[in-house]
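From the sequence below, what's the structure:
(2 chains)
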Protein chains: 2
Amino acid sequence: MAKITPISGFPEWLPEQKILEDKIVNTIRAIYEAHGYTPIETRSVEHMSILASKGDINKEIYVIQRAHADQLEVSEETLALHFDLTIPFARYVAQNFNELSFPFKRYQLQRSWRGERPQEGRFREFYQFDIDVVTPEELPLCHDAEMISIIAKSFQKLGLGKFQIKTNNRKLLLGMYEHFGLNLEQRQAAVIIIDKIDKIGPAAVKAELGKEGISANIADEIIKISGLKLKPSEFEKTAAGLGPKNESFMAGLREIKEVLSLVTESALPNVVVDLSLARGLDYYTGTIIETILTDYPSFGSVAGGGRYENLTERFGSKNIPGVGISIGITRLMSLVISKGLLQADQYCPTKILVALNSAEDLKRSLSLAEELRASGLNTEVFHKPLKFGKQIEYADKKGIRFVLFLNDAGTLELKDIKTKEQQPITVAELVIKLS
Amino acid sequence: MAKITPISGFPEWLPEQKILEDKIVNTIRAIYEAHGYTPIETRSVEHMSILASKGDINKEIYVIQRAHADQLEVSEETLALHFDLTIPFARYVAQNFNELSFPFKRYQLQRSWRGERPQEGRFREFYQFDIDVVTPEELPLCHDAEMISIIAKSFQKLGLGKFQIKTNNRKLLLGMYEHFGLNLEQRQAAVIIIDKIDKIGPAAVKAELGKEGISANIADEIIKISGLKLKPSEFEKTAAGLGPKNESFMAGLREIKEVLSLVTESALPNVVVDLSLARGLDYYTGTIIETILTDYPSFGSVAGGGRYENLTERFGSKNIPGVGISIGITRLMSLVISKGLLQADQYCPTKILVALNSAEDLKRSLSLAEELRASGLNTEVFHKPLKFGKQIEYADKKGIRFVLFLNDAGTLELKDIKTKEQQPITVAELVIKLS
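Alright, predicted model coming up:
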């Protein structure tokens, strides 16, 4: 007999939780589609040569192998599960380049896998919901602004409380570090170190900067400036007064300014320019975006992304710049569930339970249900003539709000479980009431 | 530089194909939800002990392992990708038994993986879209009928041409073989052999029956009766005249008759009782269902399922009978694509492309797009002031039917790419026209 043991890091939801996840996903999908993004999916696996193109095999990657193989030897041809949606998307664009129309705006909702140690908000199997726009030529900054607008609309609509969208620009950061006399390597290192300031604190950041050969004075300066969190309205003046005038800094300043000018008005109150923001990944080159739920700051970013110069670099294709964001659906769900942020019963897809009076009534009840379905009402017939209390209990537990009784005379009564009201009703009235 | 090489058996779709797949999935989902099914998903992996509970390791199972492991040893605790949705569903029901309300009607759309040799209509990674209803007590036959009604509605709505739903009942088959004097083992074997008659032909079936010790005369009788394909209206009379009167045969006859009486009227013209139908899987005990697209008979079944006695047997739980079906989404898609059965352009989620007149017009165009989105119209702004011909070409290639031009005076003109008409329009008129 097979024993059921939990598998850490591979979450599963109960039906009422899955309905919440669908609700979240559908809300975001509608916003993505409202802005012209079209769906794609990639296969779950890539060749190891693509996932580990720099030669090093990330120990978090899961490889797959047919079970009868005696021994697993990881080679370039080994299949492995993707650990994000960006590398598969890059491969997809390079592979289908001639079939796609550019700018290519795609959304992608899929699971990814990482064999890391599970902890709060980190999973081994998880859904991400990404958008990216890429084009094999110059990509205007209106797309960067759109990413911020879309995050704002999504979280305004999701109803998970207050949120803040942090943005910054890698060029601004690198220009600032150049201004302080850091060499190229130190600048790149400083970007990654400064990004950790919220997590490890200023003292640890200073120590790490010191290890890169950056003096204590300059480290203090960098840390001080990184503490700036500027409203869109005050950004330009403050940033211009910071001192640096070099090309990279000024380009970053201009880009942030233009992006902010193109973000939708209703998003702006949620936006802050955070000069410590850099994101750990090394492929970002311009705009950087992260999002936190203000009521749960320690939970970390729930949506982030940025701009990159060349999506398909690893495949040797021509330059394809892009900008994209990723919303961590499974992370969000783990928060929604642990904090009870959303309630499921209102989203149950079933509208009506037709109660079954007697076994002889089954056909009449099925016909009635068919009539309601034809009018667009999701309807289920209870399958046994149990006591009505039991049937109502089933509806309530499943999240079906309305129970319909078919009387012997053919008349109907509708019970609203929420208000506890019960009243005579006709099919026509029912359709109007519940559509 | 990473080389892109195809991975056989792991299909991917172009954006316009993915839109078709979504269309198919959404059509089926709406019908599932109309009948009271609620969504769940299970994780992609199970312990090997669950997937191979009978001790034998199916060589088609993919195990997963972190890439740094030197050697893969398959044990009971090894994680492996599921190869269908039935075993994970059974595990989910057993695991969450106390949290679920019964009858538990769930739908599940997920990928599965099988390391088999890819061939037409068979993939290593594929989507299935399943429904099952289970309950830890007697499960009325109205659910079996609902499965047939749902398949009929789905394929009527999908528009993939004519289809036929074949049904049969294991009890009827086993009773018939009992009547011919077959012992218990021979009956079980005959069920599986007869199911192959369409694929391997009567001569090969006869030979295989012979190997089970079944005489040529009886084999001929069985093959002859298996050739019967009965309309619902003629089933009862013909079946009752076949000769067998034993308990199993009569139970099968009664069950088929009751199921047919509960199937929706509009489904019946597509239903045939096929006395050769058995399905290869050994857990079916009553109703059996398969579906073929009549124009592509050699493609095999596109939707099938049946009734089982005890879903969670392998976990030692109490008896949980159920009935379910599975629609092979990836198989259907491969047919849709290879035969060009559906056209994508009408399903592109983007309704309108706002053409960009000049760089200075960007903000006005973005505002206009926001206004249209607020009215529920999915709208994209072209990001560069290219020649209008280029912008229209982009819309056309992406499947966006309408292009909106914003004149200097603030007036609008709408071009319908399909009819080639272009006319002045207001936002209010546009919303009415395209909503």
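
List the contacts of the helix or strand hosting A:Ile392.
Taking DSSP states H and E as the definition, one finds A:Ile392 inside helix A:388-398. When contacts are taken as Cβ atoms under 8 Å, 6 or more residues apart in numbering or on different chains, the neighbours of helix A:388-398 outside the stretch itself are A:15, A:348, A:350, A:353, A:355-356, A:382, A:401-403, A:405, A:415, A:417, B:38, B:101. In this view, the C-beta of every residue, glycine as well, is placed from N, C-alpha and C.

for those residues, which one is nearest A:Arg364?
A:Leu356 (9.8 Å; Cβ to Cβ).

Show me which residues of the stretch 101-250 of chain A are close to chain B?
Proximity of the stretch 101-250 of chain A to chain B, by Cβ under 8 Å from any Cβ of the partner chain, involves residues A:Ser101, A:Pro103, A:Lys105, A:Arg106, A:Arg111, A:Trp113, A:Gly115, A:Glu125, A:Leu139, A:Pro140, A:Cys142, A:His143.

which residues sit against the host helix or strand of the third one?
Put plainly, it is A:Lys105. When secondary structure is defined by DSSP H and E, A:Lys105 falls within strand A:104-113. In this structure, residues lying in contact with strand A:104-113 by Cβ under 8 Å, 6+ apart are A:25, A:29, A:32-33, A:35-42, A:44, A:62, A:81-85, A:89, A:93, A:124-135, A:329, B:15, B:44, B:64, B:380.

quick check: angle from it to strand B:104-113?
Note on geometry: by axes from the mean of the first three to the mean of the last three Cα atoms, to 10 degrees, strand A:104-113 and strand B:104-113 are set 100 degrees apart in direction.

Return the list of strands paired to strand A:104-113, each annotated with direction.
Based on DSSP bridges, the strands next to strand A:104-113 in the sheet, each with its direction, are strand A:38-39 (parallel), strand A:125-134 (antiparallel).

mind exporting that strand as CSV, just the C-alpha atoms?
Extracted C-alpha coordinates of strand A:104-113, given in CSV (Å, rounded to 0.1, in the frame of the first residue of the first chain):
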residue,chain,number,x,y,z
PHE,A,104,6.5,41.1,-29.4
LYS,A,105,4.4,41.5,-26.3
ARG,A,106,3.8,38.2,-24.6
TYR,A,107,2.4,37.0,-21.3
GLN,A,108,3.3,33.6,-19.9
LEU,A,109,1.9,31.8,-16.8
GLN,A,110,3.8,28.7,-16.0
ARG,A,111,5.3,26.7,-13.2
SER,A,112,9.1,26.7,-12.7
TRP,A,113,11.2,24.5,-10.5
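
Name the nearest residue to the residue of the stretch 251-400 of chain A found nearest chain B, sequence neighbours excluded.
Across the stretch 251-400 of chain A, no residue is closer to chain B than A:Glu380, which sits at 2.8 Å (Cβ to the nearest Cβ). Closest residue in space to A:Glu380, ignoring its immediate chain neighbours: B:Gly36 at 2.8 Å, by Cβ to Cβ, 6 or more residues apart in numbering or on different chains.

Tell me who's in contact with A:Ser154.
With contacts taken as Cβ under 8 Å, 6+ apart, A:Ser154 has the following neighbours: A:Thr27, A:Ile28, A:Ile31, A:Ala303, A:Ile327.

Please identify which of those residues is nearest to A:Glu258.
Each of those was scored against A:Glu258 by Cβ to Cβ, and A:Ala303 proved nearest at 21.5 Å.

pretty sure the closest one contacts A:Gly324?
No: look at A:Ala303 against A:Gly324 with Cβ atoms under 8 Å: they stay out of range, at 11.1 Å.

just to revisit the earlier point, how about the residue nearest to A:Glu380, what does it touch?
Taking Cβ under 8 Å, 6+ apart as the criterion, B:Gly36 is in contact with A:Thr350, A:Leu353, A:Asn378, A:Thr379, A:Glu380, A:Ile400, B:Lys105.
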